[in-house]
Structure formats: structure tokens, C-alpha cells
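Asks: Quick one: sequence plus predicted model below, questions after.
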Amino acid sequence: MRRTLLIWLVLAAAALAAFALALTTGSARLGPLELLQALSSPDDSLAGEIVMRLRLPRALAAFAVGGLLALAGALMQVLLRNPLADPYVLGLSGGAAVGALGSMLAGLGAFAANLGAIGGALAAMALVFVLARRDFVRQHMLGVLDASPRLLLTGVIMAAGWGAVITLILTLAPDAKLRGMLFWLMGDLNGAESWAPALFVLAAALALTYPVARDLNVLLRGEALAHALGVRVAPLRRLVYVVASVATALAVTTAGAIGFVGLVVPHALRLALGNDQRVLLPASALVGGTLLLLADTAARSLLAPQQLPVGVITALVGVPAFMLLLLRHPGKA
């Protein structure tokens, strides 16, 4: 437990350092004293307006979205026992994107887009379950009790299908909305002021999944063994899938489609810290939030005042990082 607390404290300190960097970096750079003054007396200076109205809400949104994506990826990788499983591979983000883009195309507001994304993610997960159910029933009769490969393959196929629907929506979208949709699909935290729902869902997701972390450790050994040891597999699977779906939906609606966070962060932490979910789940949320916060800081600072899509930064970092993991740990990746 002492080692676990030390890991969490180090990761929390890294997150605070990333917040400080995000609040002081940008077109107008701030020093440490200016940052402290802006946080203590936000109405007395221009720096206070910049920090409290522009940078802090965006930083909180970036941290919440990164934490949601990494936590969802960690849950999916554990449940399917496959390091390639993440919300994007399984089609959750595709369903959420279709729901959100459909609401945008219809001219509905931000609240409707959020509801559409949540509904799309849940619909995507329901479709994956329905299509994989026959194989699960067959394996249950054989006593195997493991539908993970079928679920993963079905999710990959559904992700391709959602991608086709997204392309259709973009084709039908008027020119006035098309640029915003495309930028949103590449990941965009510019103007992301609705950080509170994402941060609340992140805390709720951790509160719901951490108590079952020990059961998830048992589930890693296989569903048949988990059943034999008294783990209620079916309710556990439903809980994890619903939490991952809602987490992905909130992440997509807050910042658009941002890849590689849910794939690389849990995989890297598993190689570094081991596969104990009692350590891994909170660590994934902290590291995912910190990583996306740093990526967003780079996205709005590298070519300031022009801003890059944060999804471009995560892809440029995620691809070589994942390849490096594969090369350094060929037997574990």
C-alpha cells in the first residue's frame, strides 16, 4: 500500500506541474508570481482574466478528457485481456461521434450533442454485444466462458462501419458546418468550457470501478476461473462496458475524437507498474489526464497564435511511443 500511495503521489505531482505549465504557457507567457497573483486575485489583472476565463477551464477539460480516455482504455484492455482494446478500436468513440455529429447536422444545441454522443456510444456497445452474443452462448455451452476475441473482432468491424457513417454525415453537411466538424473530429479543446461534467464522470467512474478492481484482477485469469472463484462476471462486464461507454461519450463531446490516449497510456503503465488494477486504474486516469494536458499545451503554443488540433499531437506522440514499447518489450506487448 505504501508503494501504491507513493506512485499516486508522484503522478499527482506530475499532474500539478502540467497544470502549472498549461496556465503559464501561451501567447502571453506568465511567470510563477503572476500565476499565483492571477489565482488569488483573478479580477485585479489581465493575467487573472487570461488564467481564470481561458486557460484554467481548458486545462481542466483536457485533464478530464485524458483521464476518461485512459481509464476507459484500461477497463477495456482488462475485460478483453487484449492490449489492443480501447474505446476507438471497439467502436465506442465512433458511435459517440455519429451521435454528436448527427446532432450538429440537425442544428441542435450542445446539450443535444452530449445526449447524442452518450446514446451513440451505448448503441455501439449494444450492437457489439448483440452481434457477439451467439458466439458467447456457444462458448458457454462448451464451458469456455470467454467471448473476448469475438467481442474484439466485432468491435473492430463496427468501428469501420461507424467510420463510414461519419463520412456520410460529413458529405451531407453544409459548407458552413463542415470545417467545424472536421476540426472537431481531429480533437479540439478550443472553447471547451464544459469541463465540470467530464470531471464529475471521471470521479464517478473511478468510484464505481475501483471497488471491483480485485475482481478485475481475477477476471484477467479467464472468465471460467472467475466464475469458479465466485466473481459475478455478467454484472461486472455490464458495469465496465457502461462506464467505458459513458466515459468515452463525455470525452468525445468535450474534445472531439482524440486517439492513442486510451491505447498507449494503460499499456505503458502495465509494463511499468504491473497489472494490478488497484494501482493501474487511478494511475491511468492521472497519467492520461497529464498527457492530454501537455499535448493541449503544445497544440496551442507551438505555432501560437495559431492552434493545432490536439488529436494531431497525441497521434504524433502516440505512434512512435507505441512502436517503442513494442520494440523494447516484444514478449509483453
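Replies: Cool, got the structure.
Asks: Okay, now the unreliable bits of the stretch 201-333 of the chain?
Replies: 325-326, 328-333 (pLDDT under 70).
Asks: the helices in the stretch 201-333 of the chain, which residues?
Replies: Ranges of helices in the stretch 201-333 of the chain, per DSSP state H, counting those that start in this stretch, are 213-219, 223-228, 233-255, 261-273, 277-301, 310-328.
Asks: Could I get these in a markdown table, plus columns for mean neighbour count and distance to F63?
Replies: (C-beta placed from N, C-alpha, C; glycine too.) Putting these into a markdown table (neighbours: other CB atoms under 10 Å; distance: least, CB to CB, whole Å) gives the following:
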| stretch | mean neighbour count | distance to F63 |
| --- | --- | --- |
| helix 213-219 | 19 | 22 |
| helix 223-228 | 17 | 33 |
| helix 233-255 | 23 | 11 |
| helix 261-273 | 24 | 12 |
| helix 277-301 | 25 | 4 |
| helix 310-328 | 17 | 12 |
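Asks: Among the ones you listed, which comes closest to L131?
Replies: With CB to CB as the measure, helix 233-255 is the member of those nearest L131 (13.9 Å).
Asks: Which elements pack onto the closest one?
Replies: helix 56-80, helix 92-105, helix 110-142, helix 195-209, helix 213-219, helix 223-228 (3 or more CB pairs under 8 Å, 6 or more residues apart in numbering; DSSP states H and E).
Asks: Indicate which one of those helices is closest to L236.
Replies: Closest to L236 of the helices and strands packed on helix 233-255, according to CB to CB: helix 213-219, at 5.7 Å.
Asks: Just put the helices and strands packed on helix 233-255 in CSV and tack on distance to A13.
Replies: Shown next, in CSV, are these (distance: least, CB to CB, whole Å):
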stretch, distance to A13
helix 56-80, 14
helix 92-105, 30
helix 110-142, 32
helix 195-209, 19
helix 213-219, 23
helix 223-228, 36
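Asks: of all those helices, which has the lowest average per-residue confidence?
Replies: If you rank these by mean pLDDT, helix 110-142 sits at the bottom with a mean of 68.
Asks: Could you give the number of residues near L302?
Replies: 11 (other CB atoms under 10 Å).
Asks: Quick check, it in contact with V312.
Replies: No - between L302 and V312 there is no contact under CB atoms under 8 Å: 10.4 Å.
Asks: ok so, going back, in CSV, list the helices of the stretch 201-333 of the chain along with distance to R2.
Replies: What follows is the helices of the stretch 201-333 of the chain, written out as CSV (distance: least, CB to CB, whole Å):
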stretch, distance to R2
helix 213-219, 18
helix 223-228, 29
helix 233-255, 28
helix 261-273, 14
helix 277-301, 12
helix 310-328, 28
